[in-house]
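**Q** got a predicted model here, sequence first, then my questions.
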Amino acid sequence: MGEPMKKNVDKANRPEGYKPQSIPGALKLLQNKIEKRGTEAVMSAEVVTVESFKLLVLKANGSMEGSGLGKDIRRAWQELKNKLVNDSLAIDAEVGYVLYDQGHMQQPDGSLDAWVGVKVDSFDNAPAGVEQMVLPTRKYAKTSCQCKGREKMGERYQFLGKWIEQEGHQVDYNLGAFTLEPNYLNSINTFEIPADEVHEYDFDILYPIISL
């Protein structure tokens with residue numbers, strides 16, 4: 001959740017038997033950090049196919065300078081969390097998504113748009129004021145950003161960009177081709193840490209790709 005590739009989902013193989021939780025349990029997970037997933041991930045990449053899924057999202061906007069975008073992402077996350085109060089709404093409580101419309105995130109004033117969201121089974125009983133998003137089935141280039149330090153996080157973005165080129169793919173910059181960043185909240189909830197203070201990360205980077 002740091003420096004998306006400028007014009008320039010679900011976690012693969014989640015534990016067998018995992019089921020989305022209702023909102024009270026979900027909010028508990030969103031608020032608490034529990035056992036770490038593991039040690040710092042070695043840099044590697046793969047092409048994955050993510051099946052179509054639904055999200056409830058809120059939009060964030062800001063500059064990369066001064067952690068402006070990161071701060072507004074956290075503002076949007078808190079607002080989204082406060083809206084998720086319906087007991088009948090099932091969400092994936094382990095994962096908080098950050099999404100970028102890869103080729104169209106930069107605005108005329110130089111700021112960047114992003115969305116934060118949670119995966120849902122359906123939009124039934126969705127709260128007012130929350131956007132509904134359906135992502136189609138598509139292929140992504142994926143790497144893990146389970147590391148400490150902004151420099152190492154940046155290396156993951158650079159590594160994935162080079163890997164995509166070397167493997168004969170290119171990033172899809174068409175409208176609606178979203179980069180996905182699922183953040184694993186049961187490891188470390190970076191949404192609860194100020195943007196200018198966070199130094200430990202556990203999320204995946206999934207760039208939408210087109211094969212050449």
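**A** Structure's in. What do you need?
**Q** wait, a strand at residue 170?
**A** Yes. Residue 170 forms part of a strand when assessed by DSSP: H, G, I helix; E, B strand; the rest coil.
**Q** give me the residue at the spatial middle of this protein.
**A** Centroid-nearest residue in the chain: residue 181, 2.5 Å away (criterion: Cα atoms, centre = their mean).
**Q** what helices or strands is the helix or strand hosting that residue leaning on?
**A** In the assignment (DSSP states H and E), residue 181 maps to strand 178-184. On a contact count with 3 or more Cβ pairs under 8 Å, 6 or more residues apart in numbering; DSSP states H and E, strand 178-184 meets strand 95-101, strand 200-211. For glycine as for every other residue, the C-beta is placed from the backbone atoms N, C-alpha and C.
**Q** what angle sits between the helix or strand following the first one and strand 95-101?
**A** In this case it means strand 95-101. Note on strand 95-101: by DSSP H and E, the next helix or strand toward the C-terminus is strand 112-120. Here strand 112-120 runs at an angle of 140 degrees relative to strand 95-101 (axes from the mean of the first three to the mean of the last three Cα atoms, to 10 degrees).
**Q** by contact count, what packs against strand 112-120?
**A** Using 3+ Cβ pairs under 8 Å, 6+ apart, the elements in contact with strand 112-120 are strand 53-62, helix 68-83, strand 95-101, strand 131-135.
**Q** chain center to it: distance?
**A** 7 Å (Cα atoms, centre = their mean, to the nearest Å).
**Q** again, but for stretch 195-212
**A** Counting by Cα atoms, centre = their mean, stretch 195-212 comes out at 7 Å from the chain centroid.
**Q** next, the buried residues of it.
**A** 195, 198, 201-209 (16 or more other Cβ atoms under 10 Å).
**Q** need those residues in CSV with pLDDT and distance to residue 165, can you?
**A** Formatted as CSV, those follow (pLDDT from 0 to 100; distance: Cβ to Cβ, whole Å):
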residue, pLDDT, distance to residue 165
195, 88, 30
198, 87, 29
201, 91, 24
202, 93, 26
203, 94, 22
204, 96, 19
205, 96, 15
206, 97, 16
207, 97, 11
208, 97, 15
209, 97, 10
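**Q** where does this structure have low pLDDT?
**A** 1-41, 86-88, 90 (pLDDT under 70).
**Q** show me what contacts residue 176?
**A** Residues in contact with residue 176, defined by Cβ atoms under 8 Å, 6 or more residues apart in numbering, are residue 101.
**Q** partners of residue 207 in the sheet?
**A** residue 141 (DSSP bridges).
**Q** so how far is residue 60 from it?
**A** 19 Å (Cβ to Cβ, to the nearest Å).
**Q** just give the number of residues close to residue 61.
**A** The local packing of residue 61 (other Cβ atoms under 10 Å) involves 16 other residues.
**Q** please consider this matter closed, and thank you.
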